[in-house]
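*Asks:* Please find the sequence and the predicted model below.
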Amino acid sequence: MCVNDLLCQGAEPLFLDYCICGKLDDGIAQTITEGIAEACKLAGCTILGRETNKMAGMYSPGEYNLVGFAVGAVERGMKLPQQERIDDGDVLIGIASSGLHTQGFSLVRKIILTSSLHYFSPVSGGCGAQTLGEQLLTPSKIYSKVLLPVLRSGNVKAFIHIAEGGLLGRLPQILSEQFSVILGYPQIEIKNLCEVLQQNRSPFLQTVSDGGSLLWTTSTKRKVKVAVLISGTEPASCAQVVLVIASRSGVEELKTASRAGIPTRVIDHKLYGSRSEYDGTIDSVLEEFSIELICLAGFVRVLSSNFLKKWNGKILSTYPSLSPLTKGSNVHRQTLPAADKVAGCTVHFVLADCSLEAIIVQEPASVKAEDTEETVSQKVKEAEGQAFPVALQLVASGMVQLGADGKTCWK
């Protein structure tokens with residue numbers, strides 16, 4: 001995308017890269033080299049220089065730090081925009097995009113989380129059997145091959161890259177107040193992908209940061225009622241937290257829920273003679289609030305098999321690892337010497353047989369050489385904060401369910 005920004009300055013792109021590693025693997029080095037060469041060919045870039053350094057004391061085997069940046073070369077008198085040359089009668093030409101560019105994906109994720117859309121939704125029109133997710137993975141277009149010949153002609157007075165800011169935000173940056181623009185809007189072809197995203201125009205036509213038209217016709221499905229067995233009140237578009245249950249009083253999460261107007265209950269296990277009696281009380285409260293999904297967020301009590309069978313496929317929890325093979329209370333300590341240097345969390349359905357096969361979402365967390373058990377734990381908590389709302393949305397929207405075989409089913 002840096003190349004596109006350079007083209008808007010009237011510059012021809014040039015590329016440099018720098019690779020640092022602990023131990024250089026010839027196969028990986030060749031893959032990196034071929035990838036850079038292919039990308040530069042696509043972008044019309046000349047590779048000015050490459051440098052590779054081995055720093056065994058700083059990087060472990062298998063770790064690579066690859067830095068690449070683009071610079072532009074342009075004659076001083078050819079730099080764009082040339083606003084003083086813009087005059088009445090000039091023609092404004094739009095170049096078709098390949099779809100959504102990088103600046104639009106934060107909004108796309110929000111749309112998907114707040115509507116009935118999901119990554120497996122079909123895209124109508126001339127997209128074949130491609131799903132919304134497959135369309136979103138279309139690489140962003142680099143415009144070098146289209147624009148460089150035009151730039152060299154000297155006839156271009158200005159370029160604007162409207163993937164950021166949109167037409168309304170970008171045009172005033174190159175036009176003085178005495179000029180106006182007439183757009184041939186009826187002739188603009190709207191991408192099928194963008195039609196699916198609530199008739200929003202492609203980022204090269206209208207700003208993606210303006211979410212009004214995108215969110216205007218989103219689904220208003222009934223929200224699934226969720227109980228959180230402590231701690232947290234993560235929001236989700238298809239779910240509404242209507243109850244927070246704690247096993248002891250005075251915890252901060254109960255205060256947070258009360259401030260948000262969410263009902264709370266304290267069910268102290270020490271007041272019950274058996275686990276089944278304790279679970280029965282929880283079950284009665286859940287029924288009282290017509291709960292449909294349960295989120296175990298820091299709830300450490302072991303639930304009885306009868307309770308789990310009744311709520312089968314309706315209980316979500318997290319595990320502080322990406323692998324079910326990582327067992328015990330010192331999960332983060334086990335992560336530190338790992339060769340792959342990756343920790344993370346797994347959000348899954350809670351089953352009576354304690355199986356982790358019913359995985360819904362996993363979120364990785366990078367582990368650095370300087371990390372301690374405490375810092376890894378904090379990174380995993382942050383990963384849980386990202387993964388749990390996504391998993392809750394998937395289940396509440398009906399996109400993910402627990403199958404009869406005890407495994408996750410995607411619709």
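*Replies:* Thanks, I have the structure now.

*Asks:* Look up the closest residue to residue 19, ignoring the ones flanking it.
*Replies:* residue 52 (4.6 Å; CB to CB, 6 or more residues apart in numbering). From N, CA and C alone the C-beta is placed, and that goes for glycine too.

*Asks:* hang on, isn't the one you found packed against residue 32?
*Replies:* No - Residue 52 lies out of contact with residue 32 (CB atoms under 8 Å); the separation is 9.1 Å.

*Asks:* These two - which one has more neighbours?
*Replies:* residue 32 (20 against 15; other CB atoms under 10 Å).

*Asks:* Could I get the average pLDDT for the strand or helix carrying the more buried one?
*Replies:* For residue 32, the host element (DSSP states H and E) is helix 26-43. Mean per-residue pLDDT for helix 26-43: 88.

*Asks:* ok, now stretch 383-391?
*Replies:* 86.

*Asks:* and that stretch, how far out from the chain's middle?
*Replies:* Stretch 383-391 has its C-alpha centroid displaced from the chain centroid by 11 Å (CA atoms, centre = their mean, to the nearest Å).

*Asks:* Which residues are in contact with each of residue 52 and residue 32?
*Replies:* residue 19 (CB atoms under 8 Å, 6 or more residues apart in numbering).

*Asks:* rewinding a little: for the residue nearest to residue 19, grab phi and psi.
*Replies:* phi -130, psi 130 (degrees, to the nearest 10).

*Asks:* Show me what counts as buried in the helix holding residue 32.
*Replies:* Under the neighbour-count criterion of 16 or more other CB atoms under 10 Å, helix 26-43 has 32, 36, 39-40, 43 buried.

*Asks:* List just the nearest of the residues you listed to residue 249.
*Replies:* residue 32 (56.6 Å; CB to CB).

*Asks:* Enumerate every residue touching residue 49.
*Replies:* Per CB under 8 Å, 6+ apart, neighbours of residue 49: residue 16.

*Asks:* 10 Å instead?
*Replies:* Contact analysis of residue 49 by CB atoms under 10 Å, 6 or more residues apart in numbering lists 14-18.

*Asks:* now swap in residue 95 and tell me
*Replies:* Shown in contact with residue 95 (CB under 10 Å, 6+ apart): 141, 143, 146-147, 150, 159, 204.

*Asks:* how close does it get to residue 156?
*Replies:* Residue 95 sits 12 Å away from residue 156, going by CB to CB, to the nearest Å.

*Asks:* Name the residues contacting each of the two.
*Replies:* Contacts common to residue 95 and residue 156, judged by CB under 10 Å, 6+ apart, are 147, 150.

*Asks:* which ones among the contacts of residue 49 are found in strands?
*Replies:* 14-18 (DSSP state E).

*Asks:* nearest to residue 393, of those residues?
*Replies:* For the ones in strands among the contacts of residue 49, the nearest to residue 393 is residue 17 (38.3 Å; CB to CB).

*Asks:* mind listing the helices for the stretch 1-150 of the chain?
*Replies:* 2-7, 26-43, 105-113, 132-136, 144-153 (DSSP state H, counting those that start in this stretch).

*Asks:* The fourth one: how far from the chain's middle?
*Replies:* Right, the one you point to is helix 132-136. 13 Å.

*Asks:* That helix packs against which elements?
*Replies:* Here helix 132-136 touches helix 105-113, helix 192-196, going by 3 or more CB pairs under 10 Å, 6 or more residues apart in numbering; DSSP states H and E.

*Asks:* which stretch in those is the model least sure about?
*Replies:* helix 192-196 (a mean of 53).

*Asks:* Strands of the chain, start to end?
*Replies:* 12-21, 46-54, 64-73, 224-229, 239-246, 264-266, 293-296, 315-319, 342-349, 359-366, 400-402, 408-410.

*Asks:* For residue 178, which of the ones you listed is the nearest?
*Replies:* Closest to residue 178 of the strands of the chain is strand 64-73 (CB to CB; 30.2 Å).

*Asks:* For that closest one, output the C-alpha coordinates as PDB.
*Replies:* In PDB, the C-alpha atoms belonging to strand 64-73 read as follows (Å, rounded to 0.1, in the frame of the first residue of the first chain):
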ATOM      1  CA  TYR A  64      13.200 -13.700  11.600                       C
ATOM      2  CA  ASN A  65      12.800  -9.900  11.600                       C
ATOM      3  CA  LEU A  66      12.100  -8.700   8.100                       C
ATOM      4  CA  VAL A  67      11.900  -5.000   7.400                       C
ATOM      5  CA  GLY A  68      10.900  -3.600   4.000                       C
ATOM      6  CA  PHE A  69      10.200  -0.100   3.000                       C
ATOM      7  CA  ALA A  70       9.500   1.800  -0.200                       C
ATOM      8  CA  VAL A  71      10.800   5.200  -1.300                       C
ATOM      9  CA  GLY A  72       9.900   7.200  -4.400                       C
ATOM     10  CA  ALA A  73      11.900   8.900  -7.000                       C
END
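
*Asks:* Just checking: what are the partner strands of it?
*Replies:* strand 12-21 (antiparallel) (DSSP bridges).

*Asks:* Return the angle between stretch directions for the partner strand and strand 46-54.
*Replies:* Strand 12-21 runs at 10 degrees relative to strand 46-54, counting by axes from the mean of the first three to the mean of the last three CA atoms, to 10 degrees.

*Asks:* ok, residue 48 to residue 73 distance?
*Replies:* Applying CB to CB to residue 48 and residue 73 gives a distance of 10 Å.

*Asks:* Which residues are in contact with each of these two?
*Replies:* The contact sets of residue 48 and residue 73 overlap at residue 14 (CB under 10 Å, 6+ apart).

*Asks:* Among the contacts of residue 49, the buried ones, what's the ChimeraX command?
*Replies:* Selection of buried members from the contacts of residue 49 for ChimeraX, criterion 16+ other CB under 10 Å:
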select :14,15,17
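
*Asks:* how about a markdown table for the contacts of residue 49, with distance to residue 121 and pLDDT added?
*Replies:* What follows is those, written out as a markdown table (distance: CB to CB, whole Å; pLDDT from 0 to 100):
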| residue | distance to residue 121 | pLDDT |
| --- | --- | --- |
| 14 | 41 | 90 |
| 15 | 37 | 88 |
| 16 | 41 | 87 |
| 17 | 37 | 88 |
| 18 | 41 | 88 |
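
*Asks:* Tell me the one of the contacts of residue 49 nearest residue 78?
*Replies:* For those, the nearest to residue 78 is residue 14 (15.6 Å; CB to CB).

*Asks:* ok, the closest one - contacts?
*Replies:* 3, 6, 40, 45-49, 69-73.
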